[in-house]
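Enquirer: Structure for the following, please:
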Amino acid sequence: MSPATVWFVVLAASAVCFVLKLAGHLVPEHWLADERVSRTAALVTAALLAALVTVQAVGDGRALTVDARLPAVAVAALALALRAPFVVVVLLAAVTAAGLRALGWG
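Expert: Below you'll find the model as predicted:
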């Protein structure tokens with residue numbers, strides 16, 4: 001891809017994001033007050049976060065890979081389920097990934 005094409009795509013994506021954000025501000029407030037809308041918005045947020053975590057945990061460019069990241073995410077999820085503080089969750093995930101990589105996996 002040429003540099004001009006990359007810049008065009010970046011600027012077009014930026015314009016689309018701006019228009020979407022502007023459209024969100026123009027939605028009438030009484031539409032957003034509906035319970036179904038607020039519940040759906042909360043579920044979409046959680047689904048997007050889960051999708052991002054999944055892509056980062058098992059994605060490697062154009063292929064899927066299972067390495068030390070996946071068990072680290074599983075340990076973090078378990079720690080969150082046990083209501084551990086966020087710092088502890090991050091440290092447990094990091095130690096898990098580092099330990100598995102030190103053992104030669106991933």
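Enquirer: helices or strands next to the helix or strand containing T96 in the packing?
Expert: Using DSSP states H and E, T96 sits in helix 86-102. With contacts taken as 3 or more Cβ pairs under 8 Å, 6 or more residues apart in numbering; DSSP states H and E, helix 86-102 sits against helix 69-81. The C-beta positions use only the backbone N, C-alpha and C, and glycine is treated the same way.
Enquirer: The helix it packs on - contacts with which helices or strands?
Expert: By 3+ Cβ pairs under 8 Å, 6+ apart, helix 69-81 packs against helix 35-58, helix 86-102.
Enquirer: could you say which helix or strand contains the residue of the chain most remote from its centre?
Expert: Note on the chain: the largest C-alpha distance from the chain mean falls to H30, namely 29.5 Å (Cα atoms, centre = their mean). If you go by DSSP H and E, H30 is part of helix 29-32.
Enquirer: per-residue confidence averaged over that helix?
Expert: Helix 29-32 shows a mean pLDDT of 85.
Enquirer: Check the gap between G61 and L70 for me.
Expert: With distances taken as Cβ to Cβ, to the nearest Å, G61 is found 16 Å from L70.
Enquirer: where does this structure dip in pLDDT?
Expert: Scanning the chain for pLDDT under 70 picks out nothing.
Enquirer: how big is the angle separating the helix holding T96 from helix 69-81?
Expert: 160 degrees (axes from the mean of the first three to the mean of the last three Cα atoms, to 10 degrees).
Enquirer: Tell me the gap between helix 86-102 and the middle of its chain.
Expert: 18 Å (Cα atoms, centre = their mean, to the nearest Å).
Enquirer: can you check stretch 93-105 too?
Expert: Computed by Cα atoms, centre = their mean, the chain-centroid distance of stretch 93-105 equals 22 Å.
Enquirer: Over to stretch 99-106?
Expert: 24 Å.
Enquirer: Convert that stretch to CSV, retaining C-alpha atoms only.
Expert: In CSV, the C-alpha atoms belonging to stretch 99-106 read as follows (Å, rounded to 0.1, in the frame of the first residue of the first chain):
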residue,chain,number,x,y,z
GLY,A,99,6.9,-17.8,33.8
LEU,A,100,5.5,-19.6,30.9
ARG,A,101,7.8,-17.8,28.5
ALA,A,102,10.8,-18.5,30.8
LEU,A,103,9.8,-22.2,30.5
GLY,A,104,9.9,-21.9,26.7
TRP,A,105,6.2,-21.8,25.9
GLY,A,106,5.3,-18.8,23.8
